[in-house]
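J.: how would this look folded up:
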Amino acid sequence: QRAVLNAVQSVIQFNQQLTNIQSITGATTGALSGISNEILRVAKNFGASISDVGSGVEEFIRQGLSVEESIKRVEAATLLANTSTLSVAESAKVVTAALNQFELAASDAVRVVDVLSAVDAASAASTDELSAGLQRSCAAAKAAGVSFEDLVGILGAGIERTRLSGESIGVALKTIFARIQRPAVISALEDVAGVASKTATGLRPVQDVINDLAEIFPKLGREQQVFLTNLVAGDRQTDKFLGILGSFQRSLDLTAVGLNSAGLAAARNAVVITGLGKQAQLLGTEFISLFLDAKSGGGVFGPLIKDGVSLTRTIIGITDSLVKFGQPLTSAIIKIGLVAGALTLFRAAFHGLAPIIATTFISLTKGFSAGLVATFSAIAAEERLRQQYIATAATVSGLTKMHLALAGTRTIQKQAGAESTTLGTTVLSQSKAAK
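T.: Numbering: from 1, shown residues only. Below is the predicted model:
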């Protein structure tokens, strides 16, 4: 019952999100249907909550992005959430920061996730740490001429070397990128270390300047090192700056990994969605999708689903009465089983897995039938309850027959027939005993 109520609540929330999107964009009913299908597609592909995906699309549209760009960004954000411990909302902030600050196209959103996933896999810096550092430093990095891949490489190496938080390294890079371009620092680097920051056409990329400084730094005297460190990093970021310098060759290696990371995040996601939690989420999304179909009366299974929803409500109503007569635990088990059977039917209808699901459902029916018999025996004196029990048994038999119609296999038909016969005999025996 709770599963059904949760699904209904999700449908209501999703419907409100679609209404908000239509209000913002002025989309026609047909266009809104297309947006709905895209949101469902993303939720199914990534085993994500449909409300999370819908909320992300709505938020991006409110930022002034087109529907197409919003879908691409939320798809990347959901992919990042699946390959890290970030939520979809947190992932959306990371993707937005990278795309906006580095002036990347919406089509580059997945590339952002690929790079983060690649450096995560190749270093001791997690995607979560890299994301935290990225949000702190990407604006300063872009202003300093540092590319997205270079920044992630520097962050990864710095976090790995110092074992400080991603946020801490990000703040340090923000300071370093800003200070190293000051005229006094440019002059000192050239005078003390022989590192040129300028070319005939302008300033060199900061990562090139830091790379040159990293090579010459160990050869400088102690006083020179302290002087340049304080000048470039300031008093508060000295330890981070030294860690970044000491690991700069490592950062170049990680940058190369990031540049060759196309498709990595998708490959990791393919593994993630096979997990039990994601599969459970997918089942819920499939049910919501079918519920929406039934609500509109569309689809091949529209009428069947409508009848199934009504049947599920009837089952819940009947079993609710059992609770009132002193059998809460048994009735709860029956209720969960029957609702699970109804949900299984819907999923089987959608995926064409009826033969497998029907076999599973028959097994479930054995346990639930036993529970019904025990409940009936305990309170057989109540004639009204006996009638409710018989109606419930008939409902179970009806659900089994519905599965048989979908399955279309002789073996399952024989098994279901045997189960129905056994169930009927048991019910008849208990009925006679009650009299």
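
J.: Could you check stretch 94-114 and say which residues are buried?
T.: By neighbour count, with 16 or more other CB atoms under 10 Å as the criterion, the buried positions of stretch 94-114 are 94-99, 101-102, 106, 108-114. Heads up, the C-betas are built off the backbone N, CA and C, glycines and all.

J.: which residues are contacting that stretch?
T.: Here stretch 94-114 makes contact (CB atoms under 8 Å, 6 or more residues apart in numbering) with 60, 63, 65, 68-69, 72-73, 75-77, 79-80, 83, 86, 116, 131, 134-135, 138-139, 141-142, 147-148, 258, 261-266.

J.: the helices in the stretch 151-300 of the chain, which residues?
T.: 166-179, 183-188, 206-216, 222-233, 238-246, 248-259, 264-272, 276-296 (DSSP state H, counting those that start in this stretch).

J.: so which of those is the most packed in?
T.: Stretch with highest mean neighbour count among the helices of the stretch 151-300 of the chain: helix 166-179 (a mean of 22; mean count of other CB atoms under 10 Å).

J.: so what does that one touch, helix or strand wise?
T.: The contact analysis (3 or more CB pairs under 8 Å, 6 or more residues apart in numbering; DSSP states H and E) places helix 166-179 against helix 127-143, helix 148-162, helix 222-233, helix 238-246.

J.: one step back: mind checking the helices of the stretch 151-300 of the chain for the one nearest to Ala196?
T.: Among the helices of the stretch 151-300 of the chain, helix 206-216 comes nearest to Ala196, with 7.7 Å by CB to CB.

J.: Grab the CA positions of the closest one and hand them over as CSV.
T.: Only the C-alpha atoms of helix 206-216 are listed here, as CSV (Å, rounded to 0.1, in the frame of the first residue of the first chain):
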residue,chain,number,x,y,z
VAL,A,206,49.4,30.1,-15.6
GLN,A,207,49.8,26.3,-15.6
ASP,A,208,52.9,26.7,-17.8
VAL,A,209,54.4,29.3,-15.5
ILE,A,210,53.7,27.0,-12.4
ASN,A,211,55.2,24.1,-14.3
ASP,A,212,58.5,26.1,-15.0
LEU,A,213,58.6,27.2,-11.4
ALA,A,214,58.1,23.6,-10.2
GLU,A,215,61.1,22.5,-12.2
ILE,A,216,63.4,25.3,-10.9
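
J.: got the angle between it and helix 127-143?
T.: 100 degrees (axes from the mean of the first three to the mean of the last three CA atoms, to 10 degrees).

J.: which secondary structure elements does helix 206-216 contact?
T.: Looks like helix 206-216 contacts helix 238-246, helix 248-259 (3+ CB pairs under 8 Å, 6+ apart).

J.: Turn those into CSV, including mean pLDDT and distance to Leu228.
T.: Converted to CSV, the helices and strands packed on helix 206-216 look like this (pLDDT from 0 to 100; distance: least, CB to CB, whole Å):
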stretch, mean pLDDT, distance to Leu228
helix 238-246, 94, 9
helix 248-259, 94, 14
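
J.: Mind checking the ones you listed for the one nearest to Ile12?
T.: helix 248-259 (41.8 Å).

J.: still on that earlier bit, dump the helices and strands packed on helix 206-216 into a markdown table; add distance to Arg182 as well.
T.: Formatted as a markdown table, the helices and strands packed on helix 206-216 follow (distance: least, CB to CB, whole Å):
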| stretch | distance to Arg182 |
| --- | --- |
| helix 238-246 | 15 |
| helix 248-259 | 20 |
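
J.: Tell me which of these sits nearest to Phe217.
T.: Closest to Phe217 of the helices and strands packed on helix 206-216, according to CB to CB: helix 238-246, at 5.6 Å.

J.: quick one: contacts for Ile154?
T.: Residues in contact with Ile154 (CB under 8 Å, 6+ apart) are 146, 173, 207, 244, 248, 251, 255.

J.: which one is the fourth one nearest to, not counting chain neighbours?
T.: Just to be clear, that refers to Ile244. Gly158 (4.7 Å; CB to CB, 6 or more residues apart in numbering).

J.: What is the neighbour count of that neighbour?
T.: As a burial measure, Gly158 scores 29 neighbours (other CB atoms under 10 Å).

J.: Contacts only, for it.
T.: Gly158 makes contact with 133, 164, 169, 172-173, 240, 243-244, 247, 251, according to CB under 8 Å, 6+ apart.

J.: again, only using 10 Å
T.: Gly158 is in contact with 125, 133, 164, 166, 168-170, 172-173, 240-241, 243-248, 250-251, counting by CB atoms under 10 Å, 6 or more residues apart in numbering.

J.: what does Ala125 give?
T.: By CB under 10 Å, 6+ apart, Ala125 lies in contact with 116, 119, 133, 152, 155-161, 163, 166, 169, 254.

J.: Got the phi and psi for it?
T.: Torsion angles at Ala125 (phi, psi; degrees, to the nearest 10) stand at phi -100, psi 130.

J.: Before we move on, what's the pLDDT of it?
T.: On pLDDT, Ala125 comes in at 95.

J.: likewise Val300?
T.: 43.

J.: swap in the one 3 residues further on?
T.: Taken from the predicted model, the pLDDT recorded for Pro303 is 51.

J.: could I get the helices and strands packed on helix 166-179 as JSON lines with distance to Gly284?
T.: Output for those, formatted as JSON lines (distance: least, CB to CB, whole Å):
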{"stretch": "helix 127-143", "distance to Gly284": "26"}
{"stretch": "helix 148-162", "distance to Gly284": "34"}
{"stretch": "helix 222-233", "distance to Gly284": "50"}
{"stretch": "helix 238-246", "distance to Gly284": "44"}
